[in-house]
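Trainee: I'd like to go over a predicted model; first the sequence, then the structure.
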Number of protein chains: 2
Amino acid sequence: MEKVGAIRERVEDYLGAIYRLRTTAASPVSLAVLREHFDLSPVSIHEMIQKLSQRGWIEYYPYRGVTLTVQGEAVALALLRRHRLWERFLTDVLQVSWAEAHDIAGALEHAAPESVTERLASFLGDPASCPHGEPIPPSANPYIDHSLSHVPVGAAGRVTRIAPESAALLRAVQDWGLLPGSRVSVVERQAAAVTVRVADHLVSIPQEAANAIWVEAF
Amino acid sequence: MEKVGAIRERVEDYLGAIYRLRTTAASPVSLAVLREHFDLSPVSIHEMIQKLSQRGWIEYYPYRGVTLTVQGEAVALALLRRHRLWERFLTDVLQVSWAEAHDIAGALEHAAPESVTERLASFLGDPASCPHGEPIPPSANPYIDHSLSHVPVGAAGRVTRIAPESAALLRAVQDWGLLPGSRVSVVERQAAAVTVRVADHLVSIPQEAANAIWVEAF
DNA sequence: TTAAATTATAAGGCATACCTTATTATTTCC
DNA sequence: GGAAATAATAAGGTATGCCTTATAATTTAA
(Lines give C-alpha, C1' and ligand atoms only; values in the text may rest on other atoms or scores of the structure.)
Protein backbone atom coordinates (compact mmCIF):
# COMPACT_ATOMS: atom_id res chain seq x y z
CA MET A 1 0.00 0.00 0.00
CA GLU A 2 2.96 2.26 -0.56
CA LYS A 3 4.22 3.64 -3.79
CA VAL A 4 7.45 1.82 -4.39
CA GLY A 5 10.36 4.06 -5.12
CA ALA A 6 8.63 7.04 -3.60
CA ILE A 7 10.40 8.44 -0.58
CA ARG A 8 8.11 8.01 2.35
CA GLU A 9 6.50 11.11 3.71
CA ARG A 10 7.94 10.70 7.16
CA VAL A 11 11.45 10.24 5.82
CA GLU A 12 11.13 13.54 3.99
CA ASP A 13 9.85 15.22 7.12
CA TYR A 14 12.87 14.08 9.10
CA LEU A 15 15.35 15.06 6.42
CA GLY A 16 13.71 18.46 6.00
CA ALA A 17 13.79 19.04 9.74
CA ILE A 18 17.44 18.05 9.97
CA TYR A 19 18.23 20.50 7.19
CA ARG A 20 16.36 23.32 8.87
CA LEU A 21 17.58 22.60 12.40
CA ARG A 22 21.25 22.41 11.56
CA THR A 23 23.43 25.45 11.97
CA THR A 24 26.11 24.49 9.48
CA ALA A 25 26.23 21.57 7.09
CA ALA A 26 29.04 20.03 9.12
CA SER A 27 27.70 20.36 12.65
CA PRO A 28 25.51 17.43 13.62
CA VAL A 29 21.94 17.98 14.76
CA SER A 30 21.47 16.27 18.11
CA LEU A 31 18.62 13.84 18.58
CA ALA A 32 17.46 15.99 21.48
CA VAL A 33 16.82 18.84 19.07
CA LEU A 34 14.87 16.52 16.79
CA ARG A 35 12.95 15.22 19.75
CA GLU A 36 12.01 18.76 20.66
CA HIS A 37 11.00 19.53 17.09
CA PHE A 38 8.80 16.50 16.50
CA ASP A 39 7.63 16.12 20.08
CA LEU A 40 8.14 12.36 20.01
CA SER A 41 9.74 10.00 22.50
CA PRO A 42 13.54 9.74 22.40
CA VAL A 43 13.22 6.09 21.48
CA SER A 44 11.06 6.83 18.45
CA ILE A 45 13.50 9.44 17.23
CA HIS A 46 16.34 7.02 17.70
CA GLU A 47 14.54 4.29 15.78
CA MET A 48 13.88 6.57 12.85
CA ILE A 49 17.43 7.88 12.88
CA GLN A 50 18.68 4.31 12.64
CA LYS A 51 16.53 3.71 9.60
CA LEU A 52 17.57 6.92 7.86
CA SER A 53 21.18 6.12 8.56
CA GLN A 54 20.89 2.55 7.28
CA ARG A 55 19.28 3.84 4.12
CA GLY A 56 22.05 6.32 3.45
CA TRP A 57 20.25 9.61 3.95
CA ILE A 58 22.06 10.66 7.08
CA GLU A 59 25.32 10.10 8.92
CA TYR A 60 24.75 9.17 12.57
CA TYR A 61 27.41 9.96 15.16
CA PRO A 62 26.22 8.41 18.44
CA TYR A 63 26.09 10.85 21.32
CA ARG A 64 26.75 13.67 18.85
CA GLY A 65 23.93 13.84 16.35
CA VAL A 66 23.26 13.47 12.64
CA THR A 67 24.30 15.16 9.43
CA LEU A 68 22.73 14.81 6.00
CA THR A 69 24.46 12.84 3.29
CA VAL A 70 24.52 14.28 -0.20
CA GLN A 71 21.45 12.18 -1.00
CA GLY A 72 19.66 13.27 2.14
CA GLU A 73 20.36 16.91 1.47
CA ALA A 74 18.97 16.61 -2.04
CA VAL A 75 15.75 15.18 -0.64
CA ALA A 76 15.57 17.95 1.95
CA LEU A 77 16.13 20.69 -0.61
CA ALA A 78 13.49 19.29 -2.93
CA LEU A 79 11.07 19.13 -0.02
CA LEU A 80 11.82 22.68 1.08
CA ARG A 81 11.31 23.90 -2.45
CA ARG A 82 7.91 22.26 -2.63
CA HIS A 83 6.99 23.46 0.83
CA ARG A 84 7.84 27.06 0.15
CA LEU A 85 6.19 27.14 -3.26
CA TRP A 86 2.96 25.85 -1.76
CA GLU A 87 3.24 28.41 1.01
CA ARG A 88 3.49 31.14 -1.60
CA PHE A 89 0.47 29.78 -3.41
CA LEU A 90 -1.54 29.58 -0.22
CA THR A 91 -0.71 33.08 0.94
CA ASP A 92 -0.54 34.88 -2.40
CA VAL A 93 -3.35 33.20 -4.31
CA LEU A 94 -5.69 31.87 -1.65
CA GLN A 95 -5.02 34.52 1.02
CA VAL A 96 -4.25 31.98 3.70
CA SER A 97 -2.38 33.43 6.68
CA TRP A 98 1.29 32.76 7.25
CA ALA A 99 0.69 30.66 10.28
CA GLU A 100 -1.84 28.39 8.66
CA ALA A 101 0.02 28.27 5.36
CA HIS A 102 2.96 26.55 6.97
CA ASP A 103 0.99 23.58 8.24
CA ILE A 104 -1.15 23.21 5.14
CA ALA A 105 1.91 23.37 2.92
CA GLY A 106 3.34 20.63 5.11
CA ALA A 107 0.58 18.37 3.84
CA LEU A 108 0.47 19.56 0.23
CA GLU A 109 4.21 19.20 -0.21
CA HIS A 110 3.76 15.44 0.14
CA ALA A 111 0.62 15.16 -1.95
CA ALA A 112 1.69 16.93 -5.13
CA PRO A 113 4.32 15.32 -7.35
CA GLU A 114 7.34 17.32 -8.35
CA SER A 115 6.05 17.89 -11.87
CA VAL A 116 2.97 19.64 -10.51
CA THR A 117 5.00 21.72 -8.11
CA GLU A 118 7.20 22.85 -10.98
CA ARG A 119 4.14 23.97 -12.88
CA LEU A 120 3.02 25.78 -9.79
CA ALA A 121 6.38 27.52 -9.68
CA SER A 122 5.88 28.77 -13.23
CA PHE A 123 2.35 29.87 -12.45
CA LEU A 124 3.61 31.84 -9.45
CA GLY A 125 6.34 33.43 -11.55
CA ASP A 126 9.19 31.40 -10.06
CA PRO A 127 9.29 33.18 -6.71
CA ALA A 128 12.63 33.36 -4.98
CA SER A 129 11.41 33.18 -1.41
CA CYS A 130 8.57 31.89 0.72
CA PRO A 131 6.16 34.26 2.48
CA HIS A 132 8.46 34.27 5.50
CA GLY A 133 11.33 35.40 3.31
CA GLU A 134 13.22 32.14 3.34
CA PRO A 135 14.79 31.29 0.00
CA ILE A 136 13.16 28.75 -2.28
CA PRO A 137 15.88 26.33 -3.37
CA PRO A 138 16.22 25.92 -7.12
CA SER A 139 14.76 22.86 -8.75
CA ALA A 140 17.16 19.97 -8.84
CA ASN A 141 15.57 19.06 -12.15
CA PRO A 142 15.54 22.36 -13.98
CA TYR A 143 14.91 20.51 -17.20
CA ILE A 144 12.06 18.48 -15.93
CA ASP A 145 10.27 16.95 -18.87
CA HIS A 146 6.68 17.25 -19.91
CA SER A 147 4.46 15.01 -21.92
CA LEU A 148 4.25 16.28 -25.50
CA SER A 149 0.54 16.71 -24.93
CA HIS A 150 1.37 19.49 -22.46
CA VAL A 151 3.94 21.42 -24.41
CA PRO A 152 2.31 24.69 -25.47
CA VAL A 153 1.93 25.57 -29.14
CA GLY A 154 5.02 27.40 -30.31
CA ALA A 155 7.33 25.88 -27.73
CA ALA A 156 10.30 23.79 -28.74
CA GLY A 157 12.14 21.06 -26.92
CA ARG A 158 14.11 17.89 -27.06
CA VAL A 159 12.61 14.44 -26.69
CA THR A 160 13.79 12.89 -23.45
CA ARG A 161 11.99 9.57 -23.33
CA ILE A 162 9.14 7.50 -24.69
CA ALA A 163 6.89 5.73 -22.22
CA PRO A 164 7.04 2.20 -23.64
CA GLU A 165 3.31 1.63 -23.78
CA SER A 166 3.28 -0.66 -26.74
CA ALA A 167 5.56 -1.91 -29.47
CA ALA A 168 3.30 -0.26 -32.03
CA LEU A 169 3.79 3.08 -30.33
CA LEU A 170 7.53 2.71 -30.32
CA ARG A 171 7.54 1.85 -34.01
CA ALA A 172 5.40 4.89 -34.79
CA VAL A 173 7.69 7.12 -32.77
CA GLN A 174 10.63 5.80 -34.74
CA ASP A 175 8.85 6.46 -38.03
CA TRP A 176 8.10 10.01 -36.95
CA GLY A 177 11.75 10.55 -36.11
CA LEU A 178 10.91 11.37 -32.52
CA LEU A 179 13.51 9.24 -30.78
CA PRO A 180 15.06 10.60 -27.59
CA GLY A 181 17.34 13.50 -28.38
CA SER A 182 15.46 14.79 -31.42
CA ARG A 183 14.23 18.34 -31.50
CA VAL A 184 10.55 19.12 -31.86
CA SER A 185 8.41 22.20 -31.84
CA VAL A 186 4.66 22.22 -31.41
CA VAL A 187 2.91 23.78 -34.37
CA GLU A 188 -0.75 23.21 -33.70
CA ARG A 189 -3.01 21.40 -31.31
CA GLN A 190 -6.27 19.76 -32.37
CA ALA A 191 -8.85 17.98 -30.33
CA ALA A 192 -7.32 14.54 -30.55
CA ALA A 193 -3.90 15.23 -32.01
CA VAL A 194 -0.98 17.59 -31.94
CA THR A 195 1.02 18.72 -34.96
CA VAL A 196 4.74 19.06 -34.44
CA ARG A 197 7.65 20.04 -36.57
CA VAL A 198 10.50 17.56 -36.49
CA ALA A 199 13.55 17.61 -38.73
CA ASP A 200 11.84 20.18 -40.98
CA HIS A 201 8.65 18.34 -41.70
CA LEU A 202 5.28 18.29 -39.98
CA VAL A 203 3.83 15.27 -38.23
CA SER A 204 0.40 14.90 -36.69
CA ILE A 205 0.60 12.84 -33.52
CA PRO A 206 -2.51 11.30 -31.96
CA GLN A 207 -3.21 12.35 -28.41
CA GLU A 208 -2.48 8.90 -27.05
CA ALA A 209 0.96 8.84 -28.54
CA ALA A 210 1.62 12.43 -27.47
CA ASN A 211 0.94 11.40 -23.88
CA ALA A 212 3.77 8.91 -24.07
CA ILE A 213 6.37 11.23 -25.62
CA TRP A 214 8.27 13.32 -23.11
CA VAL A 215 10.04 16.54 -23.98
CA GLU A 216 12.23 18.98 -22.10
CA ALA A 217 12.54 22.64 -22.97
CA PHE A 218 15.79 23.99 -24.32
CA MET B 1 -0.12 9.69 15.19
CA GLU B 2 -3.42 10.53 13.60
CA LYS B 3 -5.35 13.75 13.80
CA VAL B 4 -8.20 12.94 16.13
CA GLY B 5 -11.57 13.82 14.77
CA ALA B 6 -10.27 13.89 11.24
CA ILE B 7 -11.87 11.33 9.00
CA ARG B 8 -9.15 8.99 7.92
CA GLU B 9 -8.05 9.24 4.35
CA ARG B 10 -8.84 5.65 3.56
CA VAL B 11 -12.33 5.91 4.99
CA GLU B 12 -13.00 8.83 2.68
CA ASP B 13 -11.66 6.88 -0.26
CA TYR B 14 -14.02 4.01 0.41
CA LEU B 15 -17.03 6.24 0.93
CA GLY B 16 -16.25 8.22 -2.21
CA ALA B 17 -15.88 5.04 -4.23
CA ILE B 18 -19.16 3.67 -2.91
CA TYR B 19 -20.87 6.90 -3.90
CA ARG B 20 -19.41 6.83 -7.40
CA LEU B 21 -19.92 3.11 -7.96
CA ARG B 22 -23.54 2.98 -6.96
CA THR B 23 -26.26 3.23 -9.55
CA THR B 24 -29.01 4.56 -7.31
CA ALA B 25 -28.83 5.63 -3.68
CA ALA B 26 -30.92 2.61 -2.70
CA SER B 27 -29.17 -0.16 -4.61
CA PRO B 28 -26.29 -1.65 -2.65
CA VAL B 29 -22.78 -1.67 -4.12
CA SER B 30 -21.46 -5.23 -3.96
CA LEU B 31 -18.11 -5.91 -2.35
CA ALA B 32 -17.04 -7.51 -5.62
CA VAL B 33 -17.38 -4.13 -7.34
CA LEU B 34 -15.34 -2.49 -4.60
CA ARG B 35 -12.76 -5.24 -4.86
CA GLU B 36 -12.50 -4.55 -8.58
CA HIS B 37 -12.20 -0.82 -7.98
CA PHE B 38 -9.52 -0.92 -5.30
CA ASP B 39 -7.78 -4.05 -6.56
CA LEU B 40 -7.47 -5.49 -3.07
CA SER B 41 -8.15 -8.95 -1.70
CA PRO B 42 -11.78 -9.77 -0.89
CA VAL B 43 -10.80 -10.20 2.75
CA SER B 44 -9.33 -6.72 2.98
CA ILE B 45 -12.43 -5.18 1.44
CA HIS B 46 -14.57 -7.11 3.85
CA GLU B 47 -12.53 -5.98 6.84
CA MET B 48 -12.81 -2.34 5.85
CA ILE B 49 -16.52 -2.67 5.16
CA GLN B 50 -17.01 -4.04 8.67
CA LYS B 51 -15.23 -1.02 10.12
CA LEU B 52 -17.18 1.48 8.05
CA SER B 53 -20.40 -0.23 9.01
CA GLN B 54 -19.55 -0.30 12.71
CA ARG B 55 -18.74 3.39 12.58
CA GLY B 56 -22.02 4.27 10.96
CA TRP B 57 -20.85 5.43 7.55
CA ILE B 58 -22.46 2.59 5.62
CA GLU B 59 -25.20 -0.02 5.85
CA TYR B 60 -23.91 -3.51 5.15
CA TYR B 61 -26.26 -6.16 3.78
CA PRO B 62 -24.30 -9.44 3.70
CA TYR B 63 -24.28 -11.14 0.32
CA ARG B 64 -25.89 -8.01 -1.16
CA GLY B 65 -23.57 -5.07 -0.71
CA VAL B 66 -23.39 -1.69 1.02
CA THR B 67 -25.24 1.60 0.90
CA LEU B 68 -24.15 4.91 2.36
CA THR B 69 -25.81 6.27 5.48
CA VAL B 70 -26.69 9.95 5.57
CA GLN B 71 -23.39 10.59 7.34
CA GLY B 72 -21.45 8.54 4.86
CA GLU B 73 -23.01 10.31 1.93
CA ALA B 74 -22.12 13.69 3.40
CA VAL B 75 -18.50 12.62 3.69
CA ALA B 76 -18.53 11.31 0.12
CA LEU B 77 -20.04 14.50 -1.27
CA ALA B 78 -17.53 16.67 0.56
CA LEU B 79 -14.73 14.51 -0.80
CA LEU B 80 -16.07 14.65 -4.34
CA ARG B 81 -16.36 18.40 -4.10
CA ARG B 82 -12.74 18.72 -3.03
CA HIS B 83 -11.61 16.22 -5.62
CA ARG B 84 -13.31 17.97 -8.50
CA LEU B 85 -12.22 21.44 -7.44
CA TRP B 86 -8.61 20.32 -7.33
CA GLU B 87 -9.03 18.69 -10.73
CA ARG B 88 -10.24 22.00 -12.11
CA PHE B 89 -7.29 23.80 -10.57
CA LEU B 90 -4.85 21.28 -11.96
CA THR B 91 -6.24 21.34 -15.49
CA ASP B 92 -7.28 24.98 -15.74
CA VAL B 93 -4.48 26.71 -13.86
CA LEU B 94 -1.55 24.33 -14.06
CA GLN B 95 -2.39 22.75 -17.42
CA VAL B 96 -2.18 19.22 -16.12
CA SER B 97 -3.86 16.66 -18.36
CA TRP B 98 -7.18 15.10 -17.46
CA ALA B 99 -5.72 11.71 -16.89
CA GLU B 100 -3.01 12.89 -14.54
CA ALA B 101 -5.27 15.41 -12.82
CA HIS B 102 -7.50 12.68 -11.47
CA ASP B 103 -4.77 10.87 -9.59
CA ILE B 104 -3.07 14.00 -8.31
CA ALA B 105 -6.38 15.40 -7.13
CA GLY B 106 -6.84 12.10 -5.32
CA ALA B 107 -3.88 13.03 -3.17
CA LEU B 108 -4.54 16.76 -2.81
CA GLU B 109 -8.14 16.21 -1.76
CA HIS B 110 -6.84 14.62 1.43
CA ALA B 111 -4.05 17.07 2.07
CA ALA B 112 -5.93 20.35 1.90
CA PRO B 113 -8.42 21.21 4.62
CA GLU B 114 -11.93 22.18 3.65
CA SER B 115 -11.31 25.86 4.36
CA VAL B 116 -8.52 25.95 1.80
CA THR B 117 -10.59 24.11 -0.76
CA GLU B 118 -13.38 26.64 -0.33
CA ARG B 119 -10.93 29.44 -1.00
CA LEU B 120 -9.79 27.55 -4.03
CA ALA B 121 -13.40 27.36 -5.18
CA SER B 122 -13.71 31.13 -4.96
CA PHE B 123 -10.43 31.60 -6.76
CA LEU B 124 -11.63 29.33 -9.56
CA GLY B 125 -14.91 31.22 -9.78
CA ASP B 126 -17.01 28.51 -8.14
CA PRO B 127 -17.00 26.12 -11.06
CA ALA B 128 -20.03 23.88 -11.46
CA SER B 129 -18.29 20.86 -12.91
CA CYS B 130 -14.97 19.06 -13.00
CA PRO B 131 -12.91 18.87 -16.19
CA HIS B 132 -14.69 15.65 -17.09
CA GLY B 133 -18.02 17.41 -16.81
CA GLU B 134 -19.14 15.78 -13.60
CA PRO B 135 -20.95 18.14 -11.27
CA ILE B 136 -19.17 19.62 -8.28
CA PRO B 137 -21.42 19.15 -5.26
CA PRO B 138 -22.20 22.31 -3.33
CA SER B 139 -20.36 23.01 -0.12
CA ALA B 140 -22.08 21.51 2.88
CA ASN B 141 -20.76 24.46 4.88
CA PRO B 142 -21.70 27.48 2.81
CA TYR B 143 -21.07 29.69 5.79
CA ILE B 144 -17.66 28.38 6.57
CA ASP B 145 -15.92 30.73 8.94
CA HIS B 146 -12.67 32.58 8.51
CA SER B 147 -10.14 33.88 10.95
CA LEU B 148 -10.69 37.60 11.53
CA SER B 149 -7.22 38.16 10.17
CA HIS B 150 -8.53 37.03 6.77
CA VAL B 151 -11.73 39.00 6.57
CA PRO B 152 -11.19 41.71 3.97
CA VAL B 153 -11.48 45.37 4.90
CA GLY B 154 -15.07 46.49 4.52
CA ALA B 155 -16.56 43.04 5.02
CA ALA B 156 -18.91 42.33 7.89
CA GLY B 157 -19.71 39.14 9.70
CA ARG B 158 -20.72 37.42 12.86
CA VAL B 159 -18.27 35.93 15.34
CA THR B 160 -18.61 32.15 15.32
CA ARG B 161 -15.94 31.00 17.74
CA ILE B 162 -12.79 31.93 19.61
CA ALA B 163 -9.87 29.55 19.50
CA PRO B 164 -9.15 29.21 23.22
CA GLU B 165 -5.47 29.91 23.04
CA SER B 166 -5.11 31.52 26.42
CA ALA B 167 -7.22 32.81 29.25
CA ALA B 168 -5.83 36.29 28.62
CA LEU B 169 -7.04 36.15 25.04
CA LEU B 170 -10.51 35.10 26.10
CA ARG B 171 -10.70 37.94 28.62
CA ALA B 172 -9.59 40.43 25.98
CA VAL B 173 -12.18 39.13 23.55
CA GLN B 174 -14.83 39.60 26.20
CA ASP B 175 -13.67 43.15 26.88
CA TRP B 176 -13.85 43.94 23.17
CA GLY B 177 -17.39 42.62 23.01
CA LEU B 178 -16.43 40.04 20.43
CA LEU B 179 -18.11 36.99 21.93
CA PRO B 180 -19.63 34.47 19.53
CA GLY B 181 -22.72 35.90 17.88
CA SER B 182 -21.62 39.54 17.90
CA ARG B 183 -21.45 41.45 14.64
CA VAL B 184 -18.18 42.94 13.43
CA SER B 185 -17.00 44.75 10.37
CA VAL B 186 -13.41 45.25 9.39
CA VAL B 187 -12.49 48.92 9.16
CA GLU B 188 -8.76 48.93 8.60
CA ARG B 189 -5.85 46.58 8.56
CA GLN B 190 -2.41 47.54 9.84
CA ALA B 191 0.79 45.57 9.86
CA ALA B 192 0.27 43.90 13.20
CA ALA B 193 -3.34 44.69 13.98
CA VAL B 194 -6.78 44.99 12.50
CA THR B 195 -9.34 47.65 13.40
CA VAL B 196 -12.91 46.51 13.59
CA ARG B 197 -16.22 48.14 14.36
CA VAL B 198 -18.20 46.30 16.98
CA ALA B 199 -21.40 47.60 18.63
CA ASP B 200 -20.71 51.06 17.20
CA HIS B 201 -17.24 51.59 18.48
CA LEU B 202 -13.82 50.84 17.03
CA VAL B 203 -11.40 48.34 18.48
CA SER B 204 -7.87 47.61 17.37
CA ILE B 205 -7.12 43.92 17.63
CA PRO B 206 -3.55 42.60 17.59
CA GLN B 207 -2.81 40.14 14.83
CA GLU B 208 -2.36 37.28 17.29
CA ALA B 209 -5.79 37.76 18.72
CA ALA B 210 -7.33 38.24 15.26
CA ASN B 211 -5.99 34.84 14.28
CA ALA B 212 -8.01 33.26 17.04
CA ILE B 213 -11.31 35.01 16.33
CA TRP B 214 -13.46 33.31 13.71
CA VAL B 215 -16.12 35.08 11.73
CA GLU B 216 -18.68 33.99 9.17
CA ALA B 217 -20.09 36.30 6.54
CA PHE B 218 -23.73 37.27 6.69
C1' DT C 1 37.50 11.36 39.37
C1' DT C 2 33.36 10.09 40.19
C1' DA C 3 28.49 10.93 40.42
C1' DA C 4 24.79 12.86 37.81
C1' DA C 5 22.85 13.65 33.54
C1' DT C 6 22.28 12.36 29.04
C1' DT C 7 22.10 9.09 25.29
C1' DA C 8 21.68 4.56 23.38
C1' DT C 9 19.50 0.24 22.96
C1' DA C 10 16.77 -3.88 24.02
C1' DA C 11 12.18 -5.83 24.59
C1' DG C 12 7.48 -5.86 24.09
C1' DG C 13 3.00 -3.30 22.63
C1' DC C 14 -0.56 -0.70 19.79
C1' DA C 15 -3.27 0.76 15.53
C1' DT C 16 -3.86 0.87 10.62
C1' DA C 17 -4.46 -1.40 6.53
C1' DC C 18 -2.97 -4.61 3.95
C1' DC C 19 -1.86 -9.99 3.01
C1' DT C 20 -2.67 -15.50 2.62
C1' DT C 21 -4.86 -19.72 3.82
C1' DA C 22 -8.68 -22.14 5.52
C1' DT C 23 -13.34 -22.99 6.62
C1' DT C 24 -18.25 -21.95 6.70
C1' DA C 25 -22.44 -19.87 4.89
C1' DT C 26 -25.42 -18.47 1.22
C1' DT C 27 -26.91 -17.92 -3.33
C1' DT C 28 -27.32 -19.22 -8.06
C1' DC C 29 -27.91 -22.20 -11.69
C1' DC C 30 -28.67 -26.60 -13.89
C1' DG D 1 -32.83 -30.19 -5.03
C1' DG D 2 -28.22 -30.28 -5.05
C1' DA D 3 -23.69 -29.00 -6.80
C1' DA D 4 -20.92 -25.21 -8.12
C1' DA D 5 -19.90 -20.61 -7.49
C1' DT D 6 -19.67 -16.80 -4.66
C1' DA D 7 -19.45 -14.46 -0.22
C1' DA D 8 -18.34 -14.28 4.65
C1' DT D 9 -15.35 -14.99 8.35
C1' DA D 10 -11.68 -16.87 11.34
C1' DA D 11 -6.74 -17.14 12.18
C1' DG D 12 -2.31 -15.64 11.72
C1' DG D 13 1.21 -12.49 9.29
C1' DT D 14 3.60 -8.12 7.31
C1' DA D 15 5.32 -3.18 7.53
C1' DT D 16 5.24 1.51 9.35
C1' DG D 17 5.75 4.52 13.00
C1' DC D 18 4.60 5.42 17.10
C1' DC D 19 4.55 4.01 22.49
C1' DT D 20 6.48 2.54 27.51
C1' DT D 21 9.71 0.38 30.58
C1' DA D 22 14.17 -0.98 31.70
C1' DT D 23 19.05 -1.38 31.26
C1' DA D 24 23.64 -0.14 29.47
C1' DA D 25 26.93 3.13 27.71
C1' DT D 26 28.94 7.63 27.41
C1' DT D 27 29.52 12.37 28.37
C1' DT D 28 29.52 16.32 31.42
C1' DA D 29 30.21 18.83 35.27
C1' DA D 30 31.13 19.30 40.24
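Mentor: That came in fine, so what should we check first? Residues are numbered from 1 along each chain as shown, chains lettered A, B, ... in the order given.
Trainee: contacting residues around stretch A:107-119?
Mentor: With contacts defined as C-beta atoms under 8 Å, 6 or more residues apart in numbering or on different chains, stretch A:107-119 is touched by A:9, A:12, A:78-79, A:81-83, A:85-86, A:90, A:120, A:139, A:141, A:144, A:146, B:90, B:94-96, B:104, B:107-108, B:110-112. Quick note: C-beta positions are derived from backbone N, CA and C, even for glycine.
Trainee: Please indicate which of the residues you listed are buried?
Mentor: When the contacts of stretch A:107-119 are checked for burial by 16 or more other C-beta atoms under 10 Å in any protein chain shown, the buried set is A:12, A:78-79, A:81-83, A:85-86, A:90, A:120, A:139, A:144, A:146, B:90, B:94-96, B:104, B:107-108, B:110-112.
Trainee: Just the ones of the contacts of stretch A:107-119 in strands?
Mentor: Among the contacts of stretch A:107-119, DSSP state E puts A:His146 in strands.
Trainee: In helices, which of the contacts of stretch A:107-119 appear?
Mentor: Mapping the contacts of stretch A:107-119 onto helices (DSSP state H) picks out A:9, A:12, A:78-79, A:81-83, A:85-86, A:120, B:104, B:107-108, B:110-111.
Trainee: closest to DNA strand D among those residues?
Mentor: A:Glu9 (6.6 Å; C-beta to the nearest atom of the strand).
Trainee: quick one: contacts for the closest one?
Mentor: A:His110.
Trainee: Check what contacts the helix or strand of chain A with the lowest mean pLDDT and list those residues.
Mentor: Using mean pLDDT, DSSP states H and E, the weakest-scoring helix or strand in chain A turns out to be strand A:146-147, at a mean of 75. Contact with strand A:146-147 is made by A:115, A:157, A:210-217, B:97, as judged by C-beta under 8 Å, 6+ apart.
Trainee: Pull out the buried residues from the residues you listed.
Mentor: Neighbour-count burial (16+ other C-beta under 10 Å) is assigned, among these, to A:115, A:157, A:210-216, B:97.
Trainee: Secondary structure added to those residues, as JSON lines?
Mentor: JSON lines is the format used below for the buried ones among the contacts of strand A:146-147 (DSSP: H, G, I helix; E, B strand; the rest coil):
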{"residue": "A:Ser115", "secondary structure": "helix"}
{"residue": "A:Gly157", "secondary structure": "strand"}
{"residue": "A:Ala210", "secondary structure": "helix"}
{"residue": "A:Asn211", "secondary structure": "helix"}
{"residue": "A:Ala212", "secondary structure": "helix"}
{"residue": "A:Ile213", "secondary structure": "strand"}
{"residue": "A:Trp214", "secondary structure": "strand"}
{"residue": "A:Val215", "secondary structure": "strand"}
{"residue": "A:Glu216", "secondary structure": "strand"}
{"residue": "B:Ser97", "secondary structure": "coil"}
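Trainee: DNA strand C contacts on chain A?
Mentor: By C-beta under 7 Å from any atom of the strand, the residues of chain A that approach DNA strand C are A:1, A:30-32, A:42-43, A:46, A:50, A:62-64.
Trainee: what's the lowest-pLDDT member of the residues you listed?
Mentor: Across those, the bottom pLDDT score, 43, is held by A:Met1.
Trainee: Among the residues of chain A next to DNA strand C, which one is most surrounded by other residues?
Mentor: A:Leu31 (19 neighbours; other C-beta atoms under 10 Å in any protein chain shown).
Trainee: I'd say it and A:Ser44 touch.
Mentor: No. A:Leu31 is not in contact with A:Ser44 according to C-beta atoms under 8 Å; the separation is 10.3 Å.
Trainee: ok, whichever residue of chain A sits closest to DNA strand D to A:Thr69 distance?
Mentor: Closest residue of chain A to DNA strand D, C-beta to the nearest atom of the strand: A:Ser44 (2.9 Å). Separation of A:Ser44 from A:Thr69 (C-beta to C-beta, to the nearest Å) stands at 22 Å.
Trainee: These two: which is more packed in?
Mentor: A direct count of neighbours by other C-beta under 10 Å for A:Ser44 and A:Thr69 places A:Thr69 higher, at 17 against 13.
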